[in-house]
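In: Predicted model, plus sequence, below.
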Amino acid sequence: MPQTALIIGATGLVGQNLANRLLAEGWTVHGLARRVESLPDTILPVQADTLDPASLREALAGLTPSHVFFTTWTRRDTERENCIANAAMLRNVFEALPHPEKLVHASLVTGLKHYLGPFDAYAKGAPPVTPFRESMGRLDGENFYYAQEDVLFDAAARHGFAWSVHRPHTVIGFALGNLMNMGTTLAVYASLCRETGMPFVFPGSPVQWSALTDVTDARQLAHQIHWAATSPAGRNEAFNIVNGDVFRWSTLWSEIAAWFGIEAAPYPGQASSLEAMLAGKEGVWAELAQRHGLAESNLGRVASPWHTDADLGRPVECVTDMGKSRAFGFTGYRDTRDSFGDLFSLLRARKIIP
């Protein structure tokens, strides 16, 4: 039976890599986004704002996907506002689909804030117990991931389709214009250090520098989403998703530096704001981009240091358990060094970095 996907957030880091996976598997892929100009010809564009029900109904009229994949979110000033807006995005899509009862499966991508708490209470209070397991209960307080899940569960119960929830750690992969892209941000930072002589200082906390941690290759996430959407074992389950290995930034940092042909600076013993280090470097990047013929001269379009600071500045250990996925039949694995190396090579090939 032909599979037809509707990817919400098809221009984002997760959405782009998921679309690549589904297309390779022979799916028809519709990509919904507010701006669809950057979508490749292989994706059928659906231009709409998920927070505008009228435009959404018009854009989805006549579309009957077998699968819906939610891979995007919106950020507001408070977690209460995050809950309202992000829940509305999902609810609006289900209400705008002409025949939601014909859906086979809906997938939702959230993340480790399920275990760490929202941005305005990020990793505060008692340190979370690691490794993070799907059996852990919800934290007290508001969390827009929980609000999204509740909308998904309610729609699935009303319309009779299966669901899955996917909780990645920091996602590493290629996507332009993504506002939470640590891999590309570190590549831009290293490139600026090489070009200007600025020291390549690890900006994170002592815990992140020395403790074990993990990340999620965007291709690994796409693999699991596809598996859960097509496997009976993936129905109505929440899964953590990371590469399957662990590493220490104290080791990986010098390896990243070597990839760019620079020396890693000694760790200063405390967190240093990458956002502050890159502040005022817009002109330097623009000049560098012109000199090397890069595709993007706007530093803000290729780097998101605020998000990298949030990830690497966490004062708690972050290790994710993948036992449930393996027990249910998902055996995907990615080597984290390959995740970064593949990304850096692609960024250079696409003329994003020199």
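Out: Yep, it's here.
In: Which helix or strand contains residue 46?
Out: strand 44-47 (DSSP states H and E).
In: Paired strands for that strand, with orientation please.
Out: According to DSSP bridges, strand 44-47 forms sheet pairs with strand 28-33 (parallel).
In: Pull out the buried positions in the strand it pairs with.
Out: By 16 or more other CB atoms under 10 Å, the buried positions in strand 28-33 come out as 28-33. Heads up, the C-betas are built off the backbone N, CA and C, glycines and all.
In: Low-confidence ranges, this structure, go.
Out: By pLDDT under 70, the low-scoring segments of the chain are 1, 121-125, 176-179.
In: What residues are bridge-paired with the residue nearest the centre of it?
Out: Of all residues in the chain, the one closest to the mean position by CA atoms, centre = their mean is residue 171, 4.5 Å from it. Residue 171 forms beta bridges with residue 216, as assigned by DSSP bridges.
In: I'd guessed it sits against residue 221; true?
Out: Yes - counting by CB atoms under 8 Å, residue 171 touches residue 221, with 6.3 Å between them.
In: which residues touch residue 353?
Out: The neighbours of residue 353, taking CB atoms under 8 Å, 6 or more residues apart in numbering as the test, are 187-188, 191, 294, 302, 344, 347.
In: ugh, wrong one, residue 156
Out: Here residue 156 is in contact with 106, 162-163, 236 (criterion: CB under 8 Å, 6+ apart).
In: Okay, buried residues for the helix or strand where it lies please.
Out: Under the criterion of DSSP H and E, residue 156 resides in helix 144-159. The neighbour-count check on helix 144-159 (16+ other CB under 10 Å) flags 144-149, 151-152, 155-156 as buried.
In: One more: stretch 84-93?
Out: Within stretch 84-93, judged by 16+ other CB under 10 Å, the buried ones are 85-93.
In: ok, now stretch 168-188?
Out: The neighbour-count check on stretch 168-188 (16+ other CB under 10 Å) flags 168-178, 180-188 as buried.
In: Alpha carbons of it, as CSV, please.
Out: The C-alpha trace of stretch 168-188 is given here as CSV (Å, rounded to 0.1, in the frame of the first residue of the first chain):
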residue,chain,number,x,y,z
PRO,A,168,16.3,12.8,20.9
HIS,A,169,19.2,14.4,22.7
THR,A,170,21.0,17.3,20.8
VAL,A,171,20.4,16.6,17.1
ILE,A,172,23.5,16.7,14.9
GLY,A,173,22.9,17.0,11.1
PHE,A,174,22.6,19.3,8.1
ALA,A,175,19.9,21.9,7.7
LEU,A,176,20.2,25.6,6.8
GLY,A,177,18.4,28.3,8.9
ASN,A,178,17.7,25.9,11.8
LEU,A,179,17.7,27.8,15.1
MET,A,180,18.9,24.9,17.2
ASN,A,181,21.9,23.4,15.4
MET,A,182,24.8,22.8,17.6
GLY,A,183,26.9,20.9,15.0
THR,A,184,26.8,23.7,12.5
THR,A,185,27.4,26.3,15.3
LEU,A,186,30.5,24.5,16.4
ALA,A,187,31.7,24.3,12.8
VAL,A,188,31.2,28.1,12.4
